[in-house]
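Enquirer: sequence and predicted structure, then a few things I'm wondering about:
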Amino acid sequence: MDKKSLQEKFSFFTNQDVLRPDIRFLSWGAYKVDAWDYPDVYQSCWILHYNITRGLQIKINGKEFSPGPEKVYIFPPFTRFSGYMKKPFYQFFAHFHIIEPLKKMKQEMITLNASYIREPLEELVKYTADFEMRSIVLHNIIQMSYTRIPKKYFLPDNKNLIDPRINAILTYLDRNPALNHHVKDLAEMAKMSEKHFHRCFLASTGVHPKDYIQQKRLKYARDLLSQTDKSIEEIAECASFANRYHFSHAFKKNYLFSPGEYKKKYGLNKGNK
């Protein structure tokens, strides 16, 4: 190829029309898992799973499989699945939001060849103590994963699974996860009747509004259990539960552990009690 034709080929690089995805991490981890049993997972965020060893069983759309080191699994927002542990396993995971313009995805599990992720994970280990470099590597993993998603998983430009009014409410709930929101108040915010709001929320997310609100509160409480020294009573209050009893009952129903057991196992002072 001569220089002139090469210049013509690459002349479009002088343009500035580049969409830059806004990736916002909620949580991530790379560790040995010795307890994992979730009968119905649905999150408003993206979920990326890479199982370094086998042991996890995933159920989705009536099919069950055992994730291993050959594949990366990505779940767009509100993709429902279940899972349980057959034996302890090692995994890398990331929970994150992708803000506009990259939102229009089918609610289906996405499977990618894992060859691209191994080198970045090695870098992640290398930069364990370097916050800035670790952040760059984590964002790079998500960028690399997103660019490898086959086109078939993207919705056409004129379609969106989530009603824009419901999407605004979901953003509000993401920003205020600790509050025990009333469905009537959320319907008023969306300028919809309560009945219509309930129907649209369920159609957009596959989840009843009350269940979604409680899941947000429980996840917020779970993060407080693992990341702070707050007492269980304080955490119950922070997450808008009436008392420790109601909090413990709801938490154990969803996460199998009681709040005390979870704090002892995954909290800041794990292994010291």
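Expert: Alright, I've got the coordinates. Residues are numbered from 1 along each chain as shown.
Enquirer: could you point out which element follows the longest helix along the chain?
Expert: Across the chain, the longest stretch assigned as helix under DSSP state H is helix 209-227. Where DSSP states H and E defines the elements, the next helix or strand beyond helix 209-227 is helix 232-238.
Enquirer: elements contacting that following helix?
Expert: In this structure, helix 232-238 makes packing contacts with helix 209-227, helix 244-255, helix 259-266, judged by 3 or more C-beta pairs under 8 Å, 6 or more residues apart in numbering; DSSP states H and E. Bear in mind the C-beta positions are built from the backbone N, C-alpha and C, glycine included.
Enquirer: ok, of the ones you listed, where does mean pLDDT dip lowest?
Expert: The stretch with the lowest mean pLDDT among these is helix 259-266, at a mean of 85.
Enquirer: show me what that helix is packed against.
Expert: Contact analysis of helix 259-266 by 3+ C-beta pairs under 8 Å, 6+ apart lists helix 209-227, helix 232-238, helix 244-255 as its packing neighbours.
Enquirer: switch to 6 Å and redo it
Expert: If you count contacts as 3 or more C-beta pairs under 6 Å, 6 or more residues apart in numbering; DSSP states H and E, helix 259-266 packs onto helix 209-227.
Enquirer: need the residues that contact the helix it packs on.
Expert: 173, 177-178, 181, 183, 201, 230, 235, 239-240, 254, 259, 262-263, 266-267 (C-beta atoms under 6 Å, 6 or more residues apart in numbering).
Enquirer: now do the buried residues in that helix.
Expert: Buried residues in helix 209-227, counted by 16 or more other C-beta atoms under 10 Å: 209, 212-222, 224-225.
Enquirer: what's the angle from that helix to helix 259-266?
Expert: Between helix 209-227 and helix 259-266, the angle comes out at 50 degrees (axes from the mean of the first three to the mean of the last three C-alpha atoms, to 10 degrees).
Enquirer: with just CA atoms, put helix 209-227 into PDB.
Expert: Extracted in PDB, the C-alpha atoms of helix 209-227 (Å, rounded to 0.1, in the frame of the first residue of the first chain):
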ATOM      1  CA  PRO A 209     -41.000  -2.300  43.200                       C
ATOM      2  CA  LYS A 210     -41.200  -3.200  46.900                       C
ATOM      3  CA  ASP A 211     -38.800  -6.200  46.300                       C
ATOM      4  CA  TYR A 212     -36.400  -4.000  44.400                       C
ATOM      5  CA  ILE A 213     -36.400  -1.400  47.200                       C
ATOM      6  CA  GLN A 214     -35.600  -4.000  49.800                       C
ATOM      7  CA  GLN A 215     -32.900  -5.500  47.800                       C
ATOM      8  CA  LYS A 216     -31.200  -2.100  47.500                       C
ATOM      9  CA  ARG A 217     -31.400  -1.600  51.300                       C
ATOM     10  CA  LEU A 218     -30.100  -5.100  52.000                       C
ATOM     11  CA  LYS A 219     -27.100  -4.600  49.600                       C
ATOM     12  CA  TYR A 220     -26.400  -1.200  51.200                       C
ATOM     13  CA  ALA A 221     -26.500  -3.000  54.700                       C
ATOM     14  CA  ARG A 222     -24.200  -5.800  53.400                       C
ATOM     15  CA  ASP A 223     -21.700  -3.200  52.300                       C
ATOM     16  CA  LEU A 224     -21.800  -1.600  55.700                       C
ATOM     17  CA  LEU A 225     -21.200  -4.900  57.400                       C
ATOM     18  CA  SER A 226     -18.100  -5.600  55.300                       C
ATOM     19  CA  GLN A 227     -16.700  -2.100  55.100                       C
END
